[in-house]
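Chemist: what shape does this take:
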Amino acid sequence: MKKSSAVTSPPSLSLFLLLLLPFLAQSSDDLIATICKATPFFDLCEASLRPLSPSPSDTKSIASAMANVVLGNMTDTLGYIQSLIRHSHDPAAERALAQCAEVYRPVVRFNIPQAIEAMRRGKYGFATYVLGDAEKQTDSCQKWIDSAGADDESSVPLTARNKLVKNLCDVAISVIKSLMNGR
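Modeler: Model prediction:
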């Protein structure tokens, strides 16, 4: 009898673990939902984090993932700006785009990677500051684009990209603040 009990015990443990797995995965999803609800752009936060594999499972990995999403979007936007510069025929628009590239370039190459490293080291205040500065750079870029009076089809997508990066920075800052507050 005892021998048969020992034989059934491991499958019972395995069954228990199998039943527990969906709850563990759900808790990661619940954490993403909880953190995203505390951001100014819930849908953008969820859309940025849910597709990631593996799914971030704690606040620190969620904050890091958001900073990487910001970096990816800023890198794409910088590439888009550089493409617009190459194809521009309007000197005023070209100057505005060059100014945008000049503010995006150091943010992409140095600042955001430093923010990601700072988070890894637990220096969340610095990471928040850097992401806030990145957000201000998108505002500066947009002001230059607006002042150049570029009415062509390239200014609308750039405006949308600047807005997306700005909103992603807001989300990342909110997530880091959640981390700082112990959520």
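Chemist: which stretches in this structure count as strands?
Modeler: With strands called from DSSP state E, the chain shows none.
Chemist: report the contact partners of Leu131.
Modeler: Neighbouring residues of Leu131 by Cβ atoms under 8 Å, 6 or more residues apart in numbering: Ala67, Val70, Ile112, Ala115, Cys169, Ala172, Ile173, Ile176. From N, CA and C alone the C-beta is placed, and that goes for glycine too.
Chemist: in helices only, show me the residues you listed.
Modeler: The helices, defined by DSSP state H, take in Ala67, Val70, Ile112, Ala115, Cys169, Ala172, Ile173, Ile176 from the contacts of Leu131.
Chemist: give me the nearest residue to Cys169, chain neighbours excluded.
Modeler: Closest residue to Cys169 apart from its sequence neighbours, by Cβ to Cβ, 6 or more residues apart in numbering: Glu135 at 3.8 Å.
Chemist: which outside residues touch stretch 37-56?
Modeler: 25, 28-29, 32-33, 35-36, 62, 64-66, 69, 164, 167-168, 170-171, 174-175, 178, 183.
Chemist: swap that for stretch 167-180, sorry
Modeler: Residues outside stretch 167-180 that contact it (Cβ under 8 Å, 6+ apart) are 35-36, 38-41, 44-45, 48, 59-60, 62-63, 66-67, 69-70, 73, 119, 124-125, 127-128, 131-132, 134-135, 138.
Chemist: only alpha carbons, please: show it as PDB.
Modeler: Extracted in PDB, the C-alpha atoms of stretch 167-180 (Å, rounded to 0.1, in the frame of the first residue of the first chain):
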ATOM      1  CA  ASN A 167       3.400  58.400 -25.400                       C
ATOM      2  CA  LEU A 168       5.800  55.400 -25.100                       C
ATOM      3  CA  CYS A 169       8.100  57.500 -23.000                       C
ATOM      4  CA  ASP A 170       5.100  58.500 -20.800                       C
ATOM      5  CA  VAL A 171       4.200  54.800 -20.400                       C
ATOM      6  CA  ALA A 172       7.800  53.800 -19.600                       C
ATOM      7  CA  ILE A 173       8.200  56.600 -17.000                       C
ATOM      8  CA  SER A 174       4.900  55.400 -15.400                       C
ATOM      9  CA  VAL A 175       6.100  51.800 -15.300                       C
ATOM     10  CA  ILE A 176       9.400  52.800 -13.700                       C
ATOM     11  CA  LYS A 177       7.600  54.900 -11.100                       C
ATOM     12  CA  SER A 178       5.400  51.900 -10.300                       C
ATOM     13  CA  LEU A 179       8.700  50.000  -9.800                       C
ATOM     14  CA  MET A 180      10.000  52.700  -7.600                       C
END
